[in-house]
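**Q** Here is my input; please provide its structure:
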Amino acid sequence: MEIVGHHALVPPKAELPPPSLWAEVQDCWVRMPDKWLFLALLAGWCVLFQFVGISSFNFGTTRPSLFLWLNNAWNNPAMECGHGPMMPFVVAVLFWVKRRELAASVSGVWWPALGVLGLALMVHLLGFLAQQPRISMIALFLGLYGLIGLVWGWKTMWCSTFPMVLFAFCMPLGIYTDVLTLPMRMLSVTLTQITCHDLLDINVVQHGTRLIGMDAKGPFDFDVVAACSGIRSFVALLALTIIFAMVTLRSAWKRALMLLAIVPLVIFCNVLRLVVVVLIAQTYDQSAGAWVHDWFGFVTFLVAIGALLGLAHWLKEKPSPKSA
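**A** Residues are numbered from 1 along each chain as shown. Below you'll find the predicted structure:
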């Protein structure tokens, strides 16, 4: 007599919930070797720039701390670097995103990175003697890059290149933007005058960077100053676009196209804001136009981000069709 066996019904295994953020942090901490060595070297490197960081005291700074100078510069509107305090957090997030790649790239101490540290020290010495804190800023981040290579190897150093490059957006710009802001102001004002006068039939004339016209209560006069040139939107959009393009796109030409689109987009948004300001001023008065000017920049910035997201969606790599 043959007994036919039967298979017992096995309940499906329950899916494990994804690990919590704290569990991910603990796992990452365990996986990275020589972390205490890196933290000790990093602390020593930061101490150098805290106590022998700058030799030129400005922005109300009376101590030789490069970090204090940076904080004061970031909070000075004339330096055009209000986004600076956010960049270290952005860099930290990118390191977190690349944590598995970085952990897999670790190969141990790489002594040639001492050359990078030596170069950073020479750059800082040059900045200190020349009383140029911006040069010392370069030395600070270059030395951090060298410490990564020294402790974890050249592969980890290479994997961290893109996040480290973003520290460039911490640089206070100040007067160095003048070479860009004046042409941007002139172009925006010219295009605004053409749009208002030739297309919308508004009696507006251009005098340099000024727009002069007549409103319901009398004349209005707007001077497009450097802060209204679009340079802040340009720098912020440049940082966002670089990050987004590097993370989501693989083709070099697509990344380049995303970056090239920033300039006309910034000009368009600035002209859009100025046209709306002129329309409001012509309909009501100059104070109403000034009020719109103060907040409409947020609207145009969102328009620019939306346009860049649309371009990125159009450029994103399509999955190849499966062969039959």
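**Q** how about the strands of this structure, start to end?
**A** Along the chain, the segments classed as strands by DSSP state E run 204-207, 210-215, 218-223.
**Q** how far away is the residue nearest to Gly84 when sequence neighbours are not counted from Phe59?
**A** Computed as Cβ to Cβ, 6 or more residues apart in numbering, the closest residue to Gly84 that is not its neighbour in sequence is Trp74, at 4.1 Å. Where C-beta positions appear, they are placed from N, C-alpha and C, glycine not excepted. Distance from Trp74 to Phe59, counting by Cβ to Cβ, to the nearest Å: 10 Å.
**Q** cool, Glu80 as well?
**A** Following Cβ to Cβ, the distance that separates Glu80 from Phe59 is 14 Å.
**Q** what's the answer for Lys35, then?
**A** 35 Å.
**Q** More neighbours: which of these two?
**A** Using other Cβ atoms under 10 Å as the criterion, Lys35 and Phe59 rank with Phe59 on top: 18 against 14.
**Q** Now the more buried one: closest residue in space that isn't a chain neighbour?
**A** Among residues not flanking Phe59 along the chain, Asn72 sits closest, at 3.8 Å (Cβ to Cβ, 6+ apart).
**Q** Near that neighbour, how many other residues are there?
**A** Considering only other Cβ under 10 Å, Asn72 is surrounded by 16 other residues.
**Q** can you list the weak-confidence ranges in the stretch 101-250 of the chain?
**A** 215-218, 226-227, 229 (pLDDT under 70).
**Q** just the helices in it please.
**A** Assigned helices in the stretch 101-250 of the chain, in chain order: 113-129, 133-152, 154-159, 161-165, 178-194, 231-248 (criterion: DSSP state H, counting those that start in this stretch).
**Q** Which strands or helices does the fifth one pack on?
**A** Taking 3 or more Cβ pairs under 8 Å, 6 or more residues apart in numbering; DSSP states H and E as the contact definition, the neighbouring helices and strands of helix 178-194 are strand 204-207, strand 210-215, helix 231-248, helix 262-283.
**Q** starting at the chain centroid, how far to it?
**A** 23 Å (Cα atoms, centre = their mean, to the nearest Å).
**Q** before we move on, what about the second one?
**A** Its chain's C-alpha centre lies 19 Å from the corresponding centre of helix 133-152 when counted by Cα atoms, centre = their mean.
**Q** And the fourth one, by the same measure?
**A** What separates the centre of helix 161-165 from the centre of its chain is 12 Å, taken as Cα atoms, centre = their mean.
**Q** unless I'm mixing things up, Ser107 is touching Leu150, no?
**A** No. Ser107 lies out of contact with Leu150 (Cβ atoms under 8 Å); the separation is 11.9 Å.
**Q** The two: which has the busier surroundings?
**A** Ranked by neighbour count (other Cβ under 10 Å), Ser107 and Leu150 place Leu150 first, with 24 against 10.
**Q** which one is that one nearest to, not counting chain neighbours?
**A** Ala113 (3.9 Å).
**Q** and the gap between the one you found and Leu166?
**A** Ala113 is 20 Å from Leu166, by Cβ to Cβ.
**Q** ok, back up a step: count the residues that sit near the residue nearest to Gly84.
**A** Neighbours of Trp74 (other Cβ under 10 Å): 18.
**Q** wait, doesn't Tyr145 sit right on Phe162?
**A** No. Between Tyr145 and Phe162 there is no contact under Cβ under 8 Å: 11.5 Å.
**Q** what's the burial count for Lys316?
**A** Neighbours of Lys316 using other Cβ under 10 Å come to 11.
**Q** Relative to Leu309, how far out is it?
**A** 10 Å.
**Q** next one: Asn203
**A** Going from Asn203 to Leu309 by Cβ to Cβ gives 38 Å.
**Q** now Phe169
**A** Using Cβ to Cβ, Phe169 is found at 20 Å from Leu309.
**Q** between the two, which one's more packed in?
**A** Phe169 (20 against 11).
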